[in-house]
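Enquirer: Structure of the sequence below:
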Amino acid sequence: MANLANPKSIDEILGMGAAISRRDFVGGTLLATGASLLDGLTPLQLLAAANNDPSDEWTGYGGVGEYRASNGNTLDVLLAGHKMRDRAYDPLPADTVDTGEMYDCVVVGGGISGLAAALSFRRLAGPDKTCLILENHPIFGGEAKQNEFDVDGKRLVAHQGSAIYLVPYPHSFIARFYDSIGLHTPKLNYQKWTGPQPDMALGRTPYDSAGLGRGQYGFWFGAKFGQPKGMWLIDPVGKKMQGAPVSDKARSELLRWFSPRPSEEAKFQPPRYEGDEISRQLDSITLEQHLMQRHGISQETIRTFLSPVEGGGSGLGPDALSAYCDYAADLLHPLDDGSGEAVQMFPGGNTTIARLLVKSLIPSSIEGPATVEGVSRNSVKFDALDAAGTPARLRLSATVVAVQHNGDAAKADSLSIAYVKNGKVFRLKSRSAVIAGGSWTAKHILRDLPDAHRRAYAQFYRSPCMMANVAVRNWRFLHKMGITGCRWFEGFGNYMDVRRLATIAKDDPGIGPDSPIVLTVKVLYSYPGLPTEAQGHRGRAEMLSTSFRDYEQRIREQFTAMFAHAGFDARRDIAGIVLNRWGHAYLNPQPGFFFGGKDQPAPRELLRGAPFGRIAFANTDLAGAMDHRYSILEAQRAVDQLLDQVLTA
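Expert: Model prediction:
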């Protein structure tokens, strides 16, 4: 614990009343907490309870800058979305306002898939064709958004969700698309070490554990492992897990996982292309079964030590996912020479790519040149996003609640699209639409969707994720311990790493233990043994029922338990906390999702195969892999279908 003289309470030790970047709350919590609340209540009921309190202790502090009012799914966004899901606008109210607008294409969703769809439509449909994006958040990007902190006069940036991008082969579609939006140099320059010698191993992302191979990584064990005061094992792999409070069996299996033998790895041949025999076999079993078979690891070890980190790219632990999840993104084949240079990351994650897309679509929307530096350093001109008379428009804080053909879907010449903005319902028309939002909204807003499509959507399971960005004034406590990253197996979160940032124009070119940084803790909600869909429901209940203050206290307790012995003082060292809650962050592909099974087609194929009337479907859901490259590819497919099959006349 922190060394404080005569502390009055645990809150004082943890610094719960310290002057940091967070909202000043009026006392009490917005949502009740505790196990009793989670039993038998749905997320919708929890949100209804939240709406009875005028304060917003649930959303919490959002940071500074253009993204300050859009940290994850804010309470306003969630309430609007759940009203839509609860059919509050079915039928539309009598005072619905008809805007009189008609577009050639309306894109539902302003994430990377929606932005890419709109840009592709404008480029391919012709200069006289119009396009409107309707986005429910206060700023575009979907999960490709960032948090910004001002820590003692220094600007710090961290991602809210979508984080890394992989360098593509130079003549691939993705490479050409990147180049077309101003991303001309995929490999970035990163901060240099400026701390005491020798330098420390720092990765470029919060997920690559650069220090693990150089012995600058640590495992922390707490009360769950008979260590009530906590115990660190630094360089666990180099020390062959000696001293870890685990069984001999677990020790042996973890070493097999973290330092596999090349001869053993060579026995497994990964899929060569999507749909080959290996990929179909993998899709027939869970990732947990595959890890047990491939690596000889027991279920107990997987669920205790590896879940949910392994499988986290699809939101849950390995027990709930198709084994093919582990390979789907790899089949886009990034340009990887074995050096690790294929993995790149902007300071705010793929926020930069979203901004490049908007700049390309609406050139006046961001000041300055259409370059990485230009969109990173210049401001969004919000009044230019939805300017009347322009061929491409982006309407923010507009929650779509209904999309329907005007007549028989097979014969209709237009769609009616309704959305809610500032509490008022509006309606417009379009000759076509791309549904680029997530599957959890699409199945509710498409009023005349056929039963077969609804049955397909019913097999798209989603789980939540919370990205907790914790700004600290320095990371001397980690340097003192000799680590740059760590993993733990109980409490809040699972792992974190210090990362060197890409230097974009004016970013600080150096990093050392005295540097203020943002430590990102990714929180997944897995419950091994429960069905895939049930895990998502339970996770949302847990996330929705916990106030900002409760999560803040858990963060402070976790950091204090792990790092106080090395000089960390939560009250002094934490400068700001932003929580990004994503209620349906990840698609969780269950076995059979990708290629079907038992004479049943894969649920995604009906939606990808052809438009329904004048509606085409995009979003990474349809690829089954949460990767922004798939967002772009699915958007391109959807636009091609509209132009070839719907708007040809």
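Enquirer: Show the contacting residues for the residue nearest to residue 513 when sequence neighbours are not counted.
Expert: Nearest non-adjacent residue to residue 513, counting by Cβ to Cβ, 6 or more residues apart in numbering: residue 479, 3.6 Å away. Where you see a C-beta, it was placed from the backbone N, CA and C, and this is true even at glycine. Applying Cβ atoms under 8 Å, 6 or more residues apart in numbering, one finds that residue 479 lies in contact with 195-196, 200, 513.
Enquirer: Show the buried residues in the residues you listed.
Expert: 195, 200, 513 (16 or more other Cβ atoms under 10 Å).
Enquirer: Enumerate every residue touching the first one.
Expert: Think residue 195. 479, 511-514.
Enquirer: can you redo the residues you listed as JSON lines with distance to residue 284?
Expert: As requested, those are exported to JSON lines (distance: Cβ to Cβ, whole Å):
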{"residue": "479", "distance to residue 284": "47"}
{"residue": "511", "distance to residue 284": "45"}
{"residue": "512", "distance to residue 284": "50"}
{"residue": "513", "distance to residue 284": "49"}
{"residue": "514", "distance to residue 284": "52"}
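Enquirer: which one of those residues is nearest residue 389?
Expert: For the contacts of residue 195, the minimum distance to residue 389 (Cβ to Cβ) is 46.9 Å, reached by residue 511.
Enquirer: hmm, back to that, closest to residue 188 out of the buried ones among the contacts of residue 479?
Expert: residue 200 (19.9 Å).
Enquirer: can I assume that closest one sits in a helix?
Expert: No. With DSSP: H, G, I helix; E, B strand; the rest coil as the criterion, residue 200 is located in coil rather than a helix.
Enquirer: Need the nearest residue in space to it, chain neighbours excluded.
Expert: Residue 200 sits nearest to residue 484 (Cβ to Cβ, 6+ apart), 5.1 Å away.
Enquirer: in stretch 640-649, what's buried?
Expert: So, applying 16+ other Cβ under 10 Å, buried residues of stretch 640-649: 641-643, 646-647.
Enquirer: For stretch 135-142, measure first residue to last.
Expert: 9 Å (Cα to Cα, to the nearest Å).
Enquirer: Please renumber the chain so that the first residue is 757 from this point on.
Expert: Okay, using 757 as the starting number, the last item reads as stretch 891-898.
Enquirer: what does it rub up against?
Expert: Under Cβ under 8 Å, 6+ apart, the answer for stretch 891-898 is 822-823, 825-826, 830, 833, 836-837, 865-871, 889, 901, 917-918, 1107, 1110-1111, 1114, 1136, 1141, 1150-1156, 1193.
Enquirer: next SSE after the longest helix belonging to the chain?
Expert: Determined from DSSP state H, the single longest helix within the chain is helix 1304-1319. Following helix 1304-1319 in sequence order, the next helix or strand is helix 1326-1329 (DSSP states H and E).
Enquirer: what's that following helix packed up against?
Expert: On a contact count with 3 or more Cβ pairs under 8 Å, 6 or more residues apart in numbering; DSSP states H and E, helix 1326-1329 meets helix 766-770, helix 1304-1319.
Enquirer: If you average pLDDT over each of the ones you listed, which is lowest?
Expert: Of all the helices and strands packed on helix 1326-1329, mean pLDDT reaches its minimum on helix 766-770 (a mean of 72).
Enquirer: all helices for the stretch 957-1106 of the chain, in order.
Expert: 1004-1014, 1018-1021, 1033-1038, 1043-1051, 1055-1057, 1081-1084 (DSSP state H, counting those that start in this stretch).
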